[in-house]
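S.K.: Provided below are the primary sequence and the corresponding predicted coordinates.
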Amino acid sequence: MKKSTQKSSGKHVLVLDVGTTGIKAIVFDNDLNEIAIASNPLPKREFKSHWVEQNPPDLLRISQNTLRQAVKKSQLQPNEFGGFGLTNQRETTILWDTVTRKAVYPAIVWEDKRTAKHCASLKKYQQTILHKTGLVIDPYFSATKISWILENIPAAKKLLAQKRLGFGTVDSWILWNFTQEQNHVTDYTNACRTLLFNIRTLKWDKSLLDIFEVPKTILPKIKPSKSNFGTLKKSILGFSLPVKAVIGDQQSSAYATGVKRGLTKITYGTGTFINQSIGRTFQLHQPFFTTLLPSGKKPLYAVEGKIESSASKVSKALNRPIQLNKIITEIATDVNFFVQNLPLKPKQIIVDGGITQYPDLIKIQSRISKIPVVRQITHNGTALGVAKLILDN
């Protein structure tokens, strides 16, 4: 998407996109043109065997700085902004003291696999969990990350006993700290990646909470993705803004593509994610997870597949054209496995994400999958989806 050189006469939307390795803030006009973009890297620590963590204060500090940079670049006045939206890396788990606002432990990132043994011990519950959440028992999701912190961090146990412990994915952590109401809230698309949320009833599920031994008292309130999530407090930008939408990153880029049954998108980012809308009826399709798309108060389902570590592989070969082409081809081949197993054969595939800036990716993916592949109007599809949701009537 090209940056517009003219300012829209309507209200502008400010979107914060908190990824795994970087944070972006983008100002969109009411025609979804990108008016200003700011971005900054987000550190993460990888250690032991597949332990991955981030510093919760970093998430707040870098987010605020990036938002301020985007607003400054836009040269817009406060009254020219109509709302704020948030999209984020999903599953990443933070527990904090609801009085002091301090996290009790670093954020355990979605890539972290420390709870693999715990997950293996719960396999007898797999069918129950699958038919309520659309997910398999895996360290990827939030539930066993929460359990690990409750089991291993004394401060968490103490705060739980004092009824001062809160849990959230990245969206909840941001909203708790950035809204003047100090709202403890999330949306359906983030909640559905925890293994604790029933995607048929759209509620936290007691039987799931019991399986993972997670107390309901620490969980955020859940809302549809387009809701009143509170007000961005004045200290963040120098002026307040209504928070109008929150969406998990992959569902957000899917919304940017469209939610009509059969529409299919691929995001090539830190990981590569394949997502296809399947409509209002809950279904399971191997080898995919079933997840939720933004839809109001009734569920709208999609299937999703994941390929890990795409960006790290690409970044290591950026200055080696032959090796880079080989890696892109390998990623496209892995993607094709999911494409060929989609429940609905797509007429075309919309793609976004940072790796789509590699000029030959579209051609390689289309050749391997034998389906037309079209680049999204911006590689910032995750942010675009939030802006679109806010502006859609």
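M.R.: Arrived safely.

S.K.: contacts and neighbour counts: CA atoms only from here.
M.R.: Noted.

S.K.: separation between the spatially most distant residue from the centre of the chain and residue 312?
M.R.: The C-alpha centroid of the chain is most remote from residue 322, which lies 32.0 Å away (Cα atoms, centre = their mean). Distance, residue 322 to residue 312, by Cα to Cα, to the nearest Å: 17 Å.

S.K.: repeat that for residue 369.
M.R.: Using Cα to Cα, we find residue 369 at a distance of 23 Å from residue 312.

S.K.: go on, residue 101?
M.R.: Shown here: residue 101 relative to residue 312, a distance of 33 Å by Cα to Cα.

S.K.: equivalent analysis for residue 324, please.
M.R.: In terms of Cα to Cα, residue 324 sits 12 Å off from residue 312.

S.K.: what do you get for residue 79?
M.R.: Distance from residue 79 to residue 312, by Cα to Cα: 40 Å.

S.K.: related to what we said a few turns ago, residue 369 and residue 312: who's more crowded?
M.R.: It is residue 369, of residue 369 and residue 312, that has more neighbours when counted by other Cα atoms under 10 Å, with 18 against 12.

S.K.: what helix or strand does the closest residue to that one other than its chain neighbours sit in?
M.R.: Spatial nearest neighbour of residue 369, chain neighbours left out: residue 336 (5.5 Å); criterion: Cα to Cα, 6 or more residues apart in numbering. Per DSSP states H and E, residue 336 falls inside helix 321-340.

S.K.: for the record, mean pLDDT for that helix?
M.R.: Mean pLDDT, computed over helix 321-340, is 93.

S.K.: which stretches in the stretch 51-200 of the chain count as helices?
M.R.: For the stretch 51-200 of the chain, the helices defined by DSSP state H, counting those that start in this stretch occupy 56-74, 116-120, 126-133, 143-152, 154-161, 170-178, 188-191.

S.K.: looking at those helices, which is nearest to residue 218?
M.R.: Of all the helices of the stretch 51-200 of the chain, it is helix 154-161 that lies closest to residue 218, at 7.9 Å by Cα to Cα.

S.K.: list the helices and strands the closest one packs on?
M.R.: strand 94-97, helix 143-152 (3 or more Cα pairs under 8 Å, 6 or more residues apart in numbering; DSSP states H and E).

S.K.: quick check, distance from it to the centre of its chain.
M.R.: Put simply, helix 154-161 sits 28 Å off its chain's centre (Cα atoms, centre = their mean, to the nearest Å).

S.K.: for the remainder of this discussion, apply numbering that starts at 21.
M.R.: Okay, residue one is now 21; in that scheme the one you just asked about reads as helix 174-181.

S.K.: name the residues that touch that helix?
M.R.: With contacts defined as Cα atoms under 8 Å, 6 or more residues apart in numbering, helix 174-181 is touched by 115-117, 124, 169-171, 185, 238.

S.K.: which pair in these has the greatest spatial separation?
M.R.: 117 and 171 (16.2 Å).

S.K.: more neighbours: which of the two?
M.R.: Taking other Cα under 10 Å, residue 117 and residue 171 do not tie; residue 117 has more neighbours (19 against 12).

S.K.: and that one, how far is that from residue 196?
M.R.: In terms of Cα to Cα, residue 117 sits 11 Å off from residue 196.

S.K.: so what sits against both of residue 344 and residue 332?
M.R.: Listed as contacting both residue 344 and residue 332 by Cα under 8 Å, 6+ apart is no residue at all.

S.K.: a markdown table please, covering the helices and strands packed on helix 174-181 and showing mean pLDDT and distance to residue 131.
M.R.: Output for the helices and strands packed on helix 174-181, formatted as a markdown table (pLDDT from 0 to 100; distance: least, Cα to Cα, whole Å):
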| stretch | mean pLDDT | distance to residue 131 |
| --- | --- | --- |
| strand 114-117 | 98 | 14 |
| helix 163-172 | 98 | 11 |
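
S.K.: now the helices for the stretch 271-413 of the chain?
M.R.: Taking DSSP H, counting those that start in this stretch, the helices of the stretch 271-413 of the chain run over residues 330-335, 341-360, 381-389, 401-411.

S.K.: angle of the third one against helix 341-360?
M.R.: Our comparison of helix 381-389 with helix 341-360, counting by axes from the mean of the first three to the mean of the last three Cα atoms, to 10 degrees, yields an angle of 50 degrees.

S.K.: circling back to that earlier point, how much space separates the residue farthest from the centre of the chain from residue 75?
M.R.: Distance from residue 342 to residue 75, by Cα to Cα: 36 Å.

S.K.: so where's the protein uncertain?
M.R.: Applying pLDDT under 70 to the chain picks out residues 21-30.

S.K.: could you chop it up by domain?
M.R.: Domain ranges of the chain: 32-268, 273-405, per automatic domain parsing.

S.K.: closest to residue 411 out of those domains?
M.R.: domain 32-268 (6.8 Å).

S.K.: confirm for me that residue 376 is in contact with residue 288.
M.R.: Yes: judged on Cα atoms under 8 Å, residue 376 makes contact with residue 288 at a distance of 6.6 Å.
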